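# No sequence on hand, only this structure:
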């Protein structure tokens, strides 16, 4: 009888815990006391909404939706662990070390800490056409003290007063193939909620299933994207689920475990990794010749269902719901579109997020060719970007070093050659 | 007199008394009677006034419940925290964008200098809130990514990092204030979020608030009775603790004018007025300090509103007061400090 009671009690606790959304995917705005699962006495609504005196759509109490988000998620991080202005992630749970957990995988809208000027690769094949085996690494930018060193962004998905950017607000490539040279995409009005659901939805990084920016000219036609689902192998640990590590760039865990990558903030700390560990180049993580493991950012091992291939496919599908004509299964066949005639393939490990970040990049485009690169509609950068001169297009590496992380066009570099910093084996 | 005409015959004497002496005497008597009557009336009024007089009430000018906009101080990017000396001659402002330093202004809004973070922090520093130690004039600054409190002289020279007598591993100080005696109160975001109180020797005296489920407490202030006011920001609450750390009162979110949205900075002036910045409410709520027997601090008013004009705010955060009735509000997204006054 006592055993039965224990089983029932345990089951009840499990059910309650299962009903509580995981923080990173459910969103901190949907905690148990507010989502109605434990009673209809929500307390959090008034933090952002007003029933009769709202200043913005959706009854938010601000005319500027992005500013409302940044009041918690800005550079002060006065109300959140995620600072999307500086591209930093804080931790709260443990009392050890400094508050910084690491750099955001997506960079920041005002600053980012991508070590874009110091990438590295381990060349496995010098064949331009066989880029699968290149192991690349783009680490966290550090200063002389060894701390995280965010740098002003040179491109971002939002033009803000603080980042000084005024790139064309075009959903590049949106629309069907065949629009011609005059159809680079509609202009849109982006805000945080265009991509994220502030109330939480259980999706990866509370992403909306389909991004929904408002069109300001032309017609915005979102393409249906694959629903980005969380990992069934993801095993939330309520005691430690303060921050899923896939909001920050990955850090390697203990080989042989379900995932070799650490999913939770406390795991990272317990493993002794600091805020500058991790690698923006998640295709081959960790960058280490002694290991070829490459789990997906959601922690699923590479060869399991929902692993890296599935994750990349979903990620590319999601980005392509706006940038429709960028998605391509091959770079060798013409698309039939006059403007986007040939496209780098975006399948397999060539997901959009392999080369680009979502929020903003501090990569510097000071080379003669990169700094003058026009946008797809022919516009050139006419605004100042710090001491750099070109828009970095959300790429992770200076100029077009992103290409070199996978390709050796000369065919002269010997296999096994390290270029850039040589990693310590076993350390991400 | 004839019956036909009704007139006196010629040469007949008049019918009324014509003695002048008699007429004067009679006039004097009438006049005297009138004077006596007036005197009696006046005496009666005097007696009535002396017996029943009431003080004449003077008009009372009510003190305004909220201050009025005076001016703004520009020069800090995305200011989050503000502190001021009691006289208002030094204003310290934390800047969270751009150089991310603390800027020092005089009472006229002229920049006097910059409080630089320690060199060893490199670029990894964001000063958030600031407070002036009342007995020494030293300036204490919380730094978010460094998880530290830095101490500067009144003139802005870096002195040291605040290190409690017994080290607190992994603390994340955010809001900070002093009471009149110079005891320091700090909100700590790490673990079970709480408030720490240090004495002037920087020894930890007590911690409290751990059991209240605090979520990003941004502001802390102490009233004249030693009660500690804490903005429990993400829970949308203002909590009032007794000097011993026991919870006395709370104000929460809601639709009422006295309710909060996203409270951040809090300050209390020498008149016992409590100023709470509501970041998402785009303004400042004014309460009276908690009175004995009251369940909550009495709401006095609100000032602000969303916008960029003078007197309007865009996601304000910190607040400070001097002893001249001036209220300084960090108007964060408008890149300025607004000064309001009574």
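Structure received. Small disclaimer: the values here were computed from a predicted structure and weren't measured.

# what pairs with the closest residue to chain A within the stretch 201-342 of chain B across the strands?
Using C-beta to the nearest C-beta, the closest approach of the stretch 201-342 of chain B to chain A is made by residue B:253 at 4.0 Å. Bear in mind the C-beta positions are built from the backbone N, C-alpha and C, glycine included. Assessed by DSSP bridges, residue B:253 has beta-bridge partners residue B:260.

# roughly how far apart are it and residue B:210?
Here the distance between residue B:253 and residue B:210 works out to 22 Å (C-beta to C-beta, to the nearest Å).

# out of those two, which sits in the more crowded spot?
residue B:253 (19 against 14; other C-beta atoms under 10 Å in any protein chain shown).

# dump the residue contacts of that one.
Residue B:253 makes contact with A:43, A:44, A:45, A:46, A:47, B:235, B:236, B:237, B:259, B:260, B:261, according to C-beta atoms under 8 Å, 6 or more residues apart in numbering or on different chains.

# residues contacting the most centrally placed residue in chain A?
Nearest to the geometric centre of chain A sits residue A:106, at 3.5 Å (C-alpha atoms, centre = their mean). Shown in contact with residue A:106 (C-beta under 8 Å, 6+ apart): A:84, A:87, A:357, A:358, A:359, A:360.

# Residue B:100: which of these is nearest?
residue A:87 (14.4 Å; C-beta to C-beta).

# just checking, the closest one touches residue A:359?
Yes. Residue A:87 lies in contact with residue A:359 (C-beta atoms under 8 Å); the separation is 6.6 Å.

# Tell me which residue in the stretch 251-400 of chain A sits closest to chain B.
Here the residue of the stretch 251-400 of chain A nearest chain B is residue A:275; by C-beta to the nearest C-beta that distance is 8.7 Å.

# Near residue 341, how many other residues are there?
Because you didn't say which chain, this covers chain A. Neighbours around residue A:341, by other C-beta under 10 Å: 11.

# Switch to chain B, please.
15.

# residues in contact with it?
By C-beta under 8 Å, 6+ apart, the contact set of residue B:341 is B:67, B:68, B:70, B:324, B:325, B:326, B:327.

# Find the pair from these with maximum spatial separation.
Spanning the widest gap among the contacts of residue B:341 are B:68 and B:324, at 13.8 Å by C-beta to C-beta.

# And the two? Which one has more around it.
residue B:324 (14 against 10).

# so that one makes contact with residue B:84?
No. Look at residue B:324 against residue B:84 with C-beta under 8 Å: they stay out of range, at 9.9 Å.

# before we move on, back to that, overlap in contacts, residue A:87 and residue A:359.
Residues within reach of residue A:87 and of residue A:359 at once, by C-beta under 8 Å, 6+ apart, are A:104, A:106, A:107, A:108, A:112.

# Roughly how far does the third one sit from residue A:270?
What that stands for is residue A:107. Look at residue A:107 and residue A:270: by C-beta to C-beta, they are 26 Å apart.

# Just want to know which of the two has more residues nearby.
Neighbours were counted for residue A:107 and for residue A:270 using other C-beta under 10 Å; residue A:107 has more, 32 against 14.

# Tell me how far the nearest residue to that one once chain neighbours are set aside lies from residue A:105.
Of all residues not flanking residue A:107 in the chain, residue A:357 sits nearest, at 4.1 Å (C-beta to C-beta, 6 or more residues apart in numbering or on different chains). Here the criterion is C-beta to C-beta. By it, residue A:357 lies 7 Å from residue A:105.

# what does residue B:138 give?
Residue B:138 is 40 Å from residue A:105, by C-beta to C-beta.

# ok, these two, which is more surrounded?
Per other C-beta under 10 Å, whichever of residue B:138 and residue A:105 has more neighbours is residue A:105, with 23 against 18.

# Leaving out sequence neighbours, find the closest residue to residue A:376.
Counting by C-beta to C-beta, 6+ apart, residue A:184 is the residue found nearest to residue A:376 once chain neighbours are left out, at 4.5 Å.

# Look at the one you found and give its secondary structure.
Three-state assignment for residue A:184 (DSSP: H, G, I helix; E, B strand; the rest coil): coil.
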